[in-house]
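> Requesting a structural model of the entry that follows:
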Amino acid sequence: MQRLLVPEKIETERLVLQRLRYEDAEEIFYAYASKDEATRFVSWPIHQSIRDTRDFLRYARSAWTAGLDFSFSIRLKDSFRLIGGFGIVNDFGKIQFGYILSPTQWGKGFATEATQAVLRILKTQPDIYRIGTFVDAENTASIRVLHKCGLKEEARLPNWFRFVNQGNEPKDCILFTLPL
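Purely as a prediction, here's the structure:
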């Protein structure tokens, strides 16, 4: 298995995705990681302090180096303001991805733009045999994004995942995959 070739910086028309840096901690914390509404549908617990964010950044830096997990900031190209994050998990050629945006940036097409850019890169990797993600069946905004990006609904999974920021109760999820 060859190492996944993921650039440290990806640019789109309006965005810059770049490898997370320790210096991003405060921006991440205040833009989305400490926001109830932003973290509702993610798999990790809301950050209670910037220390939580710094702990995550230590993990993210080492996981990138190990080639297992690639975490990006999402920034506006014109102002370089941090508005979200994007993650890619590499399980020996099976890719799972996810994203999060500051609530102030919802509904502007940024999640679709970032996802399309990352998928273009992932589709060129020779050892990737599957690209997908799952979402809470109630997360209608992300469902729309994934459809726009060409992913197909593969399965509906009842009581499949416990979202820590939703009381840890099992939730129905939808599994999406990108036809390769």
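> And residue 180, what's its pLDDT?
Predicted confidence (pLDDT) at residue 180: the value is 86.
> What about it, how many residues nearby?
9 (other CB atoms under 10 Å). C-beta: built from backbone N, CA, C; applies to glycine.
> What of residue 112?
For residue 112, the neighbour count with other CB under 10 Å is 16.
> try the one 4 residues further on
Residue 116 is flanked by 15 other residues according to other CB under 10 Å.
> and if you look at residue 35?
17.
> Name whatever forms a beta bridge with residue 86.
On the basis of DSSP bridges, residue 86 is bridged to residue 72, residue 99.
> surely it meets residue 99?
Yes - at 4.6 Å, residue 86 and residue 99 qualify as touching, with contact defined as CB atoms under 8 Å.
> Next, show the common contact partners of these two.
74, 114-115 (CB atoms under 8 Å, 6 or more residues apart in numbering).
> Of these, which belong to strands?
residue 74 (DSSP state E).
> Which PyMOL command selects the buried ones in the shared contacts of residue 86 and residue 99?
PyMOL command restricting the shared contacts of residue 86 and residue 99 to the buried ones, with burial defined by 16 or more other CB atoms under 10 Å:
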select buried, resi 74+114+115
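> Remind me which helix or strand residue 127 belongs to.
Taking DSSP states H and E as the definition, residue 127 sits outside all helices and strands.
> all numbers from here: first residue = 798
Yes, from this point I'll number from 798; that puts the last item at residue 924.
> On the pLDDT front, check residue 800 for me.
pLDDT at residue 800 comes out at 76.
> Kindly report the same for residue 923.
Here, the pLDDT recorded for residue 923 equals 88.
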